[in-house]
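Colleague: Please work out how this folds:
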Amino acid sequence: MMKALFIVLRLAAALAVVIAVVAQLISSMAAPDFFFFNFFGYFTIQSNLLIAVTFVLGAGFVARGGTQPHWLVVSRGATATYLATTGVVYNLLLANGPVSDYNVPWSNDILHKWIPLFAVLEWILFGDRTRIAWGRLGLFLVYPVIWLVATLLRGQGFVPYPFLNVEELGWGVVLLYCLGIAAFIAGMSALVIWLSRFRVIEPTGADTTRLDRVGVAR
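Modeller: Model (predicted):
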């Protein structure tokens with residue numbers, strides 16, 4: 001029963017991401033200034049697609065009854081961090097901002113609210129993972145840094161988020177926003193790594209919440 005729950009929830013979340021992204025893509029294609037690579041240049045789109053892949057892979061390993069390879073555990077932790085960042089940044093900085101005429105509200109909610117929430121809960125509750133070493137924390141920061149540098153250097157009028165608009169805000173303000181978000185990602189990465197030491201629910205349905213059973217991963 002618990003094994004089936006792990007599989008169904010992960011596959012359902014991955015499917016929700018795909019449906020939401022496709023729906024928003026179809027709507028955005030109607031915009032006169034639509035550019036395919038700009039659409040997939042958003043951190044929201046990329047991070048949601050990345051975590052959808054980890055959901056599918058995670059469900060696959062549960063279905064096979066095998067142990068997840070450590071690279072997948074690290075990927076799950078990293079993408080959970082990115083989705084938590086997406087949810088917090090959107091709801092604090094972007095939710096009350098201007099909305100495109102081509103925005104799909106329900107898709108927007110799935111990608112910015114529900115999947116980030118599920119990603120965090122999935123990491124906290126689903127215990128089919130090994131402990132992540134503290135030395136891996138730097139790996140969590142690689143993708144966000146590459147995305148940020150590539151976005152800022154690209155220019156050409158593509159500003160995915162208002163807080164990255166150098167022309168309007170100036171480099172000083174943009175860098176402050178970037179530093180604040182980077183600090184949040186680093187802190188969230190540390191929390192995710194720390195949480196990897198705990199088990200709550202296993203695919204086998206074993207009681208892992210008692211300290212005399214598993215409790216903390218060694």
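
Colleague: can you count the residues close to the residue lying closest to Asn165 once chain neighbours are set aside?
Modeller: Excluding its sequence neighbours, the residue lying closest to Asn165 (CB to CB, 6 or more residues apart in numbering) is Val159, at 4.8 Å. All C-beta spots, glycine's among them, are computed from the backbone N, C-alpha and C. Here the neighbour count serves as a burial measure; for Val159 (other CB atoms under 10 Å) it reads 18.

Colleague: does Val159 count as helix, strand or coil?
Modeller: Taken by DSSP: H, G, I helix; E, B strand; the rest coil, the conformation at Val159 corresponds to coil.

Colleague: Hmm, Val174 and it touching each other?
Modeller: No - between Val159 and Val174 no contact is recorded; they are 9.9 Å apart, counting by CB atoms under 8 Å.

Colleague: Spell out which residues are contacts of both of the two.
Modeller: Jointly contacting Val159 and Val174 under the rule CB atoms under 8 Å, 6 or more residues apart in numbering are Asn165.

Colleague: Buried ones in the helix or strand hosting Leu169, by neighbour count?
Modeller: Using DSSP states H and E, the secondary-structure element containing Leu169 is helix 166-195. Of the residues in helix 166-195, 174, 177-178, 181, 184-186, 188-189, 191-193, 195 count as buried by neighbour count, 16 or more other CB atoms under 10 Å.

Colleague: can you put those residues in a markdown table and add pLDDT and distance to Leu111?
Modeller: Shown next, in a markdown table, are the buried residues of helix 166-195 (pLDDT from 0 to 100; distance: CB to CB, whole Å):
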| residue | pLDDT | distance to Leu111 |
| --- | --- | --- |
| Val174 | 94 | 23 |
| Tyr177 | 95 | 21 |
| Cys178 | 95 | 22 |
| Ile181 | 95 | 18 |
| Phe184 | 96 | 19 |
| Ile185 | 97 | 18 |
| Ala186 | 97 | 23 |
| Met188 | 97 | 18 |
| Ser189 | 98 | 21 |
| Leu191 | 97 | 22 |
| Val192 | 97 | 20 |
| Ile193 | 97 | 25 |
| Leu195 | 96 | 23 |
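
Colleague: Alright, calling it a day.
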